[in-house]
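Engineer: here is a sequence with its predicted model. Questions after.
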Amino acid sequence: MSHDDVSRRSFLNTTATGIALASGAAALTPQAVTAAAAPESAPAKPGSQRLSMEALKKWESLGYGMFIHFGMSTFVGAELPDGKAPASTYAPDKLDVDQWVSVARDAGMKYIVLTSKHVAGHCLWPSKHTDYTVAKSGNTTDVIEAFVKSCEKRGVLPGFYYCSWDNHNRFGSRTWSDRKEDGPFYTTSVYQTFQTAQLTELLTQYGPIAETWIDIPGLLGRGYRTFLYQYLASLQPNTVIMMNSGISSGDKYDVEYAWPSDLIAIERSLPPDAGHSRMRTIEGKEYYMPGEVCDPIGKEWFYVDGDVPRPAAELAKQFESCRARGVNLLLDVPPDKHGVIPEASVKALLQLRKDAKI
């Protein structure tokens with residue numbers, strides 16, 4: 001069935017039923033999700049955050065993780081594709097997910113966040129809610145399944161990235177792909193139901209997930225974003241949820257764009273010299289919010305021919321600055337079109353471990 005043939009009514013009916021079954025509820029409502037997400041007896045903790053201080057400090061103690069940007073963007077040579085390339089364009093011929101995880105482990109990284117779906121809309125798992133997935137691609141491996149199993153085998157914690165800006169599965173949404181038009185930009189309720197259904201698949205089919213990373217959360221709107229946060233927490237109460245607050249030092253937090261979230265994203269930057277401020281006052285309440293710096297090992301998020309790792313001294317300084325300022329470093333190391341992390345990146349990571357004494 002063509003993706004374009006899905007009607008609003010049939011899509012809402014089928015996905016709502018699937019979500020209700022996955023969550024074990026007769027009906028999915030924001031009130032039901034809120035109740036499910038609340039622990040029966042929350043431990044004493046400063047602030048109003050969902051997770052205990054013990055859980056958040058445990059996440060902070062991980063310190064260092066790998067971001068992996070891999071998918072359709074790798075094969076079309078564009079970070080933000082229009083979503084029109086056929087699924088068969090994705091075709092790694094030497095895909096080696098075990099190599100990714102082994103490299104992360106050997107580099108001293110404790111967790112990995114993998115792009116399950118980026119702006120192109122192509123999914124690294126065989127989602128039942130779109131035909132734009134690995135199931136219809138040049139390589140049909142369920143990358144998500146292979147990734148989680150490899151992490152379990154090697155003692156690295158798995159995390160999923162999911163992008164709310166989707167140029168293929170539009171459902172009437174207006175995103176920044178409509179560059180010739182002025183805003184407002186938004187996602188429709190049909191798209192939001194689609195996103196909920198896909199995240200249900202990711203968080204119910206593959207086991208415990210340490211971090212759930214939602215990109216471009218501003219497109220979702222405050223109401224749906226609040227519902228989504230509570231729903232994700234109900235599916236996996238121990239996952240740390242990141243609503244990406246974007247490129248900044250993290251000293252200010254854009255509530256309208258990214259709240260609620262367990263973490264503060266510091267994209268392509270560093271916290272202030274004085275360090276990351278963990279306690280934040282949001283709408284009259286105090287929240288403990290750890291920080292996570294994310295940055296590519298080179299210049300680009302996805303693999304691009306000729307994009308080499310930054311100098312060893314620069315990478316070591318970034319790692320040391322993150323630790324000194326009290327934030328985790330999520331360093332992006334993209335696999336190439338073959339589906340392996342290039343040798344230059346492997347060498348750079350091992351050198352970084354040596355230089356920074358990781």
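Structural biologist: Noted; the coordinates are in hand. The shown structure was predicted, so the numbers you read here are calculated from the model rather than taken from an experiment.

Engineer: secondary structure element holding the residue nearest to S249 when sequence neighbours are not counted?
Structural biologist: Counting by CB to CB, 6 or more residues apart in numbering, S249 lies nearest to S269, which is 5.2 Å off, once chain neighbours are set aside. Where C-beta positions appear, they are placed from N, C-alpha and C, glycine not excepted. Taking DSSP states H and E as the definition, one finds S269 inside no helix or strand.

Engineer: S269 touches S245, doesn't it?
Structural biologist: No: contact status for S269 versus S245: not in contact, 11.2 Å apart, counting by CB atoms under 8 Å.

Engineer: which strand residues bridge the residue most central in space within the chain?
Structural biologist: Nearest to the centroid of the C-alpha atoms of the chain, with distances taken as CA atoms, centre = their mean, sits Y161, at 1.8 Å. Beta-bridge partners for Y161, by DSSP bridges, are T115, W213.

Engineer: ok, it - contacts?
Structural biologist: Counting by CB atoms under 8 Å, 6 or more residues apart in numbering, Y161 touches 67, 113-116, 118, 213, 215.

Engineer: how close does the residue nearest to S249 sit to D251?
Structural biologist: 10 Å (CB to CB, to the nearest Å).

Engineer: settle it for me: which of those two has more neighbours?
Structural biologist: Per other CB atoms under 10 Å, whichever of S269 and D251 has more neighbours is S269, with 16 against 13.

Engineer: what stretches of the stretch 51-200 of the chain score poorly on pLDDT?
Structural biologist: Residue ranges of the stretch 51-200 of the chain with pLDDT under 70: 178-181.

Engineer: rerun at 50
Structural biologist: Within the stretch 51-200 of the chain, no range satisfies pLDDT under 50.

Engineer: would you map the strands across it?
Structural biologist: For the stretch 51-200 of the chain, the strands defined by DSSP state E, counting those that start in this stretch occupy 64-68, 111-117, 157-163.

Engineer: helices of the stretch 101-250 of the chain, residue ranges please.
Structural biologist: In the stretch 101-250 of the chain, the segments counted as helices under DSSP state H, counting those that start in this stretch are 143-154, 189-205, 222-235.

Engineer: can you point out the buried residues in the first one?
Structural biologist: Going back to what we said before, that points to helix 143-154. Going by neighbour count (16 or more other CB atoms under 10 Å), the buried part of helix 143-154 is 143-151.

Engineer: now the angle from that helix to strand 111-117?
Structural biologist: Going by axes from the mean of the first three to the mean of the last three CA atoms, to 10 degrees, helix 143-154 is angled at 170 degrees with respect to strand 111-117.

Engineer: hang on, the earlier thing: identify the residues contacting the residue nearest to S249.
Structural biologist: Per CB under 8 Å, 6+ apart, neighbours of S269: 247-250, 293, 295.

Engineer: alright, that wraps it up for me.
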